[in-house]
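# Quick one, fold the following:
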Amino acid sequence: MQSKRLIPVLILFLPLLVLFTWFLPLYPLVAKPGLSLASKIYLLGQASGFLGITLFSQTLILNTRLKILEDIFGGLNKVFPWHHNLGKIAGIFILLHPGCLFISELIAGSSLEQILTGRLHLLSYLVGITAFLIFAFLIFLTLALKLPYHIWRFSHQFLGLSFLLAAYHLLNLGSDIAVNQPLKILMLFVVGLGITAYSYKTIFGHFLVKKYKYRLLDKKELSSDIIEYILESDGKPLTYQPGQFVFIKTDKQFWYEEQHPFSLTSTPEKKQISLVIKGLGDFTSKLKTIKPGTKFYLEGPYGRFLISNFGSSQIWIAGGIGITPFLSFLSQVNAKSKVTLIYSVSQAKEAVYLNFLKRKKDILFQLWLTQDRGRLSGEKIASVYPVFESDIYLCGPLTMIKSLRASFIKLGVDPSRIKSEEFKLVP
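Below is the predicted model of the structure:
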């Protein structure tokens, strides 16, 4: 199910099916010579509307974090780029829809007053305008303003409201939906999927999405901006594998505030779990102030950054706080393991668990200080370590992962042997 070739097929199938179902009855009309420019632009506007809401529905589905999505895409961190890019494409089609209809009516000879006020008596028309204005405003906030993540995320949830209004507009305005029964059934299905996904994750997610209850037992300052949080279960404990991550939320947050993903650094055998978190934004800064006893709500586990064969030759490369999943892996390393861990930080004081890592006898540990040796590259690593005979695991800043992956592939390393964990929450 993790075939990269299968994913675009699954994504494209529904939009293409909608487009085909809409266009088929119109083909005799379109095939006739002499179709006016206004009619062509009008049809483009209609197609944009159907495609926009279909892709919009798919982005809402990809936002649910359902485990089946991990199975299909090969990890939740690979789902979100699709979600992000589909959202952009959906936005283009949604913005094209009223624009094309407006231009087609101008070309056909309608006055500006007729276009703007001629349908104001129709509720579905007013709802459609409202949906468009909400969508356009939220897109403006995303593109034009550098909002803090938590504010952007809160405003982003209202895109679902725009979808609900757009769905009402689509199903009640008439035109193609009214005369094309297969299209109507298909769009009811598309809209139903989107509404179900939005309701599950955003409206009723607080009640429907499974959470594990923990409380903060202790926290330890590992550096000036990195803290380890030790949590104890308040009920059924989380079952996870080394290398996985969870989304966390505390009882200090409001119900509508978003959870944030962090790797588990503890091992499944322990009753307590630990998270090593670097202060990078508003949420992590607030975490510094919480006290023991604070309740945590964990969603997960997620992630396919897993190691099943510790007997094979492996090179682990961690950048900064990207060391966290490897700390969990270390519990499974033994004398038969062939593991090299390269830990890249700017200066030694930024490295957490440095003494522990240096004492670990079952791995070959290398601290890489970029202020002295420059940034890591595939060439530098290949000159010392057996990259062509090893499975390579990367975790760290997105730019580091992309750079190292590209340089390893350029050297001739088999791409299937390069595993990575990247997770970037971006407005």
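
# so what secondary structure elements neighbour the longest strand along the chain?
Across the chain, the longest stretch assigned as strand under DSSP state E is strand 212-221. Applying 3 or more C-beta pairs under 8 Å, 6 or more residues apart in numbering; DSSP states H and E, one finds that strand 212-221 contacts strand 226-233, strand 295-302. C-beta coordinates here come from the backbone N, C-alpha and C atoms, glycine included.

# How far does stretch 272-283 stretch from one end to the other?
23 Å (C-alpha to C-alpha, to the nearest Å).

# pLDDT of that stretch, averaged?
Mean per-residue pLDDT for stretch 272-283: 85.

# quick one: contacts for Gln244?
Ser263, Leu264, Gly300, Pro301, Tyr302, Gly303, Phe305, Leu306, Pro325, Ser328 (C-beta atoms under 8 Å, 6 or more residues apart in numbering).

# Any figure for the gap between it and Leu287?
The gap separating Gln244 from Leu287 is 20 Å, by C-beta to C-beta, to the nearest Å.

# And for Ser224?
For Ser224, the distance to Leu287 equals 15 Å [C-beta to C-beta].

# Looking at the two, which one has more neighbours?
A count of neighbours by other C-beta atoms under 10 Å puts Leu287 above the other of Ser224 and Leu287, at 22 against 9.

# doesn't Ile227 make contact with that one?
Yes. Counting by C-beta atoms under 8 Å, Leu287 does reach Ile227; the two are 7.2 Å apart.

# got any residues that touch both of these two?
When contacts are counted by C-beta under 8 Å, 6+ apart, Leu287 and Ile227 are jointly contacted by Ile277, Gly279.

# Now do stretch 54-74, average pLDDT.
93.

# Sort out which residues of it are buried, please.
Using 16 or more other C-beta atoms under 10 Å as the test for burial, stretch 54-74 gives 54-66, 69-70, 72-74.

# That stretch spans what distance, first to last residue?
With C-alpha to C-alpha, one end of stretch 54-74 sits 23 Å from the other.

# Which strands border the longest strand of the chain, and is each parallel or antiparallel?
Strand 212-221 pairs in its sheet with strand 226-233 (antiparallel), strand 295-302 (antiparallel), by DSSP bridges.

# hang on, the earlier thing: in JSON lines: the helices and strands packed on strand 212-221, plus mean neighbour count.
Below are those laid out as JSON lines (neighbours: other C-beta atoms under 10 Å):
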{"stretch": "strand 226-233", "mean neighbour count": "20"}
{"stretch": "strand 295-302", "mean neighbour count": "21"}
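
# I'd like those as CSV, with distance to Ser124 appended.
As requested, the helices and strands packed on strand 212-221 are exported to CSV (distance: least, C-beta to C-beta, whole Å):
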stretch, distance to Ser124
strand 226-233, 50
strand 295-302, 37
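
# Figure out which of those is closest to Ala90.
Between Ala90 and these, the shortest separation by C-beta to C-beta is 24.2 Å, and it involves strand 295-302.

# C-terminal to the closest one, what's the next element?
Once the chain leaves strand 295-302, the next helix or strand it forms, by DSSP states H and E, is strand 313-319.

# What lies in contact with that following strand?
Contacts of strand 313-319 (C-beta under 8 Å, 6+ apart): 307, 326, 329, 337-345, 376, 381, 385-387, 389-397, 400-401, 404.
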